[in-house]
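> Here's my sequence, what's the structure:
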Amino acid sequence: MRNKSHLVFLLLTVCLLGLRLWHIRADFPNYHFYVQDRARFTDEGFYTGAALNHFLFGHAYIPGGWNPGVLMPVWPLMAGLLFHFTGISVTAARSLAVVCTWLSVLLAYAVTRQY
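Numbering: from 1, shown residues only. All right, here's what the predicted structure looks like:
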């Protein structure tokens with residue numbers, strides 16, 4: 001019985017992780033509660049902004065702007081490396097987030113299998 005429930009849980013997890021790729025290019029609608037003054041506020045945009053600024057302006061830091069890449073430089077670095085090979089696109093940025101989610105779940109699974 002344990003193996004059957006384990007397999008069902010694993011299959012459900014894989015299906016839910018696969019749903020992360022569903023409509024990967026879709027954006028928040030304008031009527032969403034995260035929207036203020038028609039600007040969409042998402043973590044993805046904030047933390048990928050440093051990589052975009054580096055490609056567009058030659059430097060990641062924009063004076064007078066909010067620069068989360070200064071405090072958390074790993075995500076803009078990873079996004080910048082990805083943009084170097086794929087070009088700047090929404091699909092590339094969101095694919096990086098999906099892959100990081102998958103890796104986090106796999107790491108959590110590996111840790112729980114030990115205990």
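> Which helix in this protein has the most residues?
Determined from DSSP state H, the single longest helix within the chain is helix 90-114.
> If you count contacts, what does it end up packed against?
The contact analysis (3 or more Cβ pairs under 8 Å, 6 or more residues apart in numbering; DSSP states H and E) places helix 90-114 against helix 2-19, helix 43-57, helix 74-86. Where C-beta positions appear, they are placed from N, C-alpha and C, glycine not excepted.
> gap between the most centrally placed residue in the chain and residue 82?
For the chain, the residue nearest the mean C-alpha position is residue 97 (2.2 Å; Cα atoms, centre = their mean). Counting by Cβ to Cβ, to the nearest Å, the gap from residue 97 to residue 82 is 11 Å.
> In space, what's closest to residue 54 - neighbours in sequence excluded?
residue 60 (4.4 Å; Cβ to Cβ, 6 or more residues apart in numbering).
> for that neighbour, what are its contacts?
Neighbour list for residue 60: 50, 51, 53, 54, 67, 69, 76, 80 [criterion: Cβ atoms under 8 Å, 6 or more residues apart in numbering].
> Need the per-residue pLDDT for it.
What the model reports for residue 60 is a pLDDT of 79.
> sorry, back to before: make a markdown table out of the helices and strands packed on helix 90-114 and add mean neighbour count, distance to residue 102 and mean pLDDT.
Converted to a markdown table, the helices and strands packed on helix 90-114 look like this (neighbours: other Cβ atoms under 10 Å; distance: least, Cβ to Cβ, whole Å; pLDDT from 0 to 100):
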| stretch | mean neighbour count | distance to residue 102 | mean pLDDT |
| --- | --- | --- | --- |
| helix 2-19 | 10 | 6 | 87 |
| helix 43-57 | 17 | 16 | 77 |
| helix 74-86 | 16 | 14 | 89 |
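> Can you lay out those helices as a markdown table showing distance to residue 106?
Shown next, in a markdown table, are the helices and strands packed on helix 90-114 (distance: least, Cβ to Cβ, whole Å):
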| stretch | distance to residue 106 |
| --- | --- |
| helix 2-19 | 9 |
| helix 43-57 | 21 |
| helix 74-86 | 17 |
